[in-house]
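Enquirer: This is a predicted model, with the sequence first.
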Amino acid sequence: MSEPCFRMSKERITVENKRIINNDRAVDCNQLVPIKYKWAWNFYLDGCANHWMPTEVPMQRDIEQWRDPNAFSPEERHVIKRTFGFFSTAETLVGNNLVLAIYKIIDNPECRQYLLRQAFEEAIHVHAFQYIVQSLSLDEREMFNMYREVEAIYNKDEYVMSCTDGILDSDIDTKTKKGLQKFLKNLVGFYAITEGIFFYSGFVTMLSFGRQNRIPGTCEQIQYILRDESIHMNFGIELINTIRDENPGVWDSEFDQEIIEFIKTAVSLEHNYSAECLPTGILGLNTDLLKEYIEYIADRRFERLRLPKQYNASNPFPWMSEVIDLKKEKNFFETRVTEYQTGGALEW
């Protein structure tokens, strides 16, 4: 019989006892309060305040536009389908990593509370793309198998998933420097790279259609997903930096360089993906602008991870910052306020 995860004790847990990872046996991972990491609890509350469901968003205008043979050029249809092809399964990969890898290693209850909320949101995002694909009568097998058929998408997914293999190993010991660095690299891969870089070419491309009142229901859902992912990424980076602070010496100069190269390679993969999706310019977008934007986004991720900027790129799409940062606004498509169902409490 396995040892229980809690024990009889009259000794009550204090905030001083709690850590993000590798808690002492005396700290019960089931006991939420007293809350030490209030930022984690606040991320959970923000996620709850932002609850939405894909089926709340009307898709009739999207269906009418998509069926019109003159509404989109072949190049526009190509980039839209490539975006769906990446997102439709990338969200599942993130959710699987959360449930199978991150949750089992993070043993702080307030962080786990947010991870449960995030896992549900990843499921909502997968649902959203299934709902979009079904609404537009796209080939579901093509969309959901694209990550195995299109090399530029496969390379992105395979690159990040390579971080998960090591921490799924039952022999990983996060009390060692090597084991904890392996886990931190996984967190960087999923929070800073997948959710913080790999999603952003798709976001800027799809929301460019929304700015022209095209496929409005799809773009409204993309905007909701973008705001969810922004919270996911901010939680993840806070998680990484707190683990780093609680484990002095684990993030040394050698690990600095490893993470810098890890992110720079991801940026190169994203450039390749953008070129495959957008071989010619559309909607005022081209591969050069997307390259500059991805490098600008990557520099922001470097800074949040306390690393030096690598590109010094400027933001060619300042309107994207408004989409992310505004708490409440009339959306591009004049359908309804782009605020989640219970989103009045959210602060951006």
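Expert: Yep, that arrived.
Enquirer: My guess is Gly210 contacts Gln221. True?
Expert: No - between Gly210 and Gln221 there is no contact, the gap being 10.2 Å when judged by CB atoms under 8 Å. In short, each C-beta sits where N, CA and C put it, glycine included.
Enquirer: between the two, which one's more packed in?
Expert: Between Gly210 and Gln221, counted using other CB atoms under 10 Å, Gln221 has the larger neighbour count: 26 against 21.
Enquirer: Helix or strand: which one has the more buried one?
Expert: Secondary structure from DSSP states H and E places Gln221 in helix 216-246.
Enquirer: buried set for that helix?
Expert: Within helix 216-246, the residues that count as buried by 16 or more other CB atoms under 10 Å are 216-240, 242-244.
Enquirer: which strands and helices sit next to it?
Expert: Applying 3 or more CB pairs under 8 Å, 6 or more residues apart in numbering; DSSP states H and E, one finds that helix 216-246 contacts helix 38-49, helix 60-67, helix 109-135, helix 177-187, helix 200-210, helix 287-304, helix 318-325.
Enquirer: Name the SS class of Trp251, please.
Expert: coil (DSSP: H, G, I helix; E, B strand; the rest coil).
Enquirer: for it, what are its contacts?
Expert: Taking CB atoms under 8 Å, 6 or more residues apart in numbering as the criterion, Trp251 is in contact with 181, 184, 244.
Enquirer: which among the residues you listed gets closest to Lys38?
Expert: Distance ranking of the contacts of Trp251 against Lys38, using CB to CB, places Arg244 first at 18.6 Å.
Enquirer: I figured the closest one hits Phe183, correct?
Expert: No - applying CB under 8 Å as the test, Arg244 and Phe183 come out as separate, 11.4 Å apart.
Enquirer: So Ile297 versus Leu307, what's the distance?
Expert: 14 Å (CB to CB, to the nearest Å).
Enquirer: Which one's more surrounded, the two?
Expert: Ile297 (23 against 17).
Enquirer: So what's the residue count around the residue nearest to that one when sequence neighbours are not counted?
Expert: Once flanking residues are discounted, Ile297 sits nearest to Tyr200: 5.2 Å by CB to CB, 6 or more residues apart in numbering. The tally of other residues near Tyr200 (other CB under 10 Å) stands at 22.
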